[in-house]
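In: This is a predicted model, with the sequence first.
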Amino acid sequence: MITFEVKDMTCGHCARTITQAIEACDAAARVQIDLTSHRVAIEPGRAAAAQLLGAIEEAGYTPVVVEGAPAAVAATGGCGGCGCHGG
């Protein structure tokens, strides 16, 4: 399990964008999002951590690897008020 802290992931739209970017990089990856702690936990299929980090960066976010982090829990959706989707 690879865990990233993504402070600029603040809402369900952000979580979906990151999930789609990861799945485009590694279709076999399992992604878990915790919006409250801004954590993205990934069980990669074939991609390396650097590739997954790059995919999140290309989606417009700033991931930081979290060493020894517990797995994130599934996102509940909603919006944290970031304004990224106009709602």
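Out: Great, that's in hand. This is a predicted model, so every value here is computed, not measured. Numbers count the residues shown, from 1 in each chain.
In: Which strands or helices does whatever helix or strand Thr19 lives in pack on?
Out: Taking DSSP states H and E as the definition, Thr19 sits inside helix 12-25. Applying 3 or more Cβ pairs under 8 Å, 6 or more residues apart in numbering; DSSP states H and E, we find helix 12-25 packed against strand 30-34, strand 39-43, helix 49-58. Placement of C-beta: from N, CA and C, glycine included.
In: which one of these is the most hemmed in?
Out: Comparing those by mean neighbour count (mean count of other Cβ atoms under 10 Å), strand 39-43 comes out on top with a mean of 21.
In: which stretches of this protein have low pLDDT?
Out: 68-87 (pLDDT under 70).
In: and with 50 instead?
Out: 71-81, 83, 85-87 (pLDDT under 50).
In: center of this protein, which residue is that?
Out: Most central in the chain under Cα atoms, centre = their mean is Val40, positioned 3.9 Å from the mean C-alpha point.
In: any idea how far that residue is from Ile22?
Out: 8 Å (Cβ to Cβ, to the nearest Å).
In: which residues are in contact with both of these two?
Out: Common contacts of Val40 and Ile22 (Cβ atoms under 8 Å, 6 or more residues apart in numbering): Val31, Ile56.
In: ok, Cys25 touching Ala50?
Out: No: using Cβ atoms under 8 Å, Cys25 is not in contact with Ala50, being 10.6 Å away.
In: that older thread, what comes up buried for the helix holding Thr19?
Out: By neighbour count with 16 or more other Cβ atoms under 10 Å, helix 12-25 contains the buried residues Gly12, His13, Cys14, Ala15, Thr17, Ile18, Thr19, Ala21, Ile22, Cys25.
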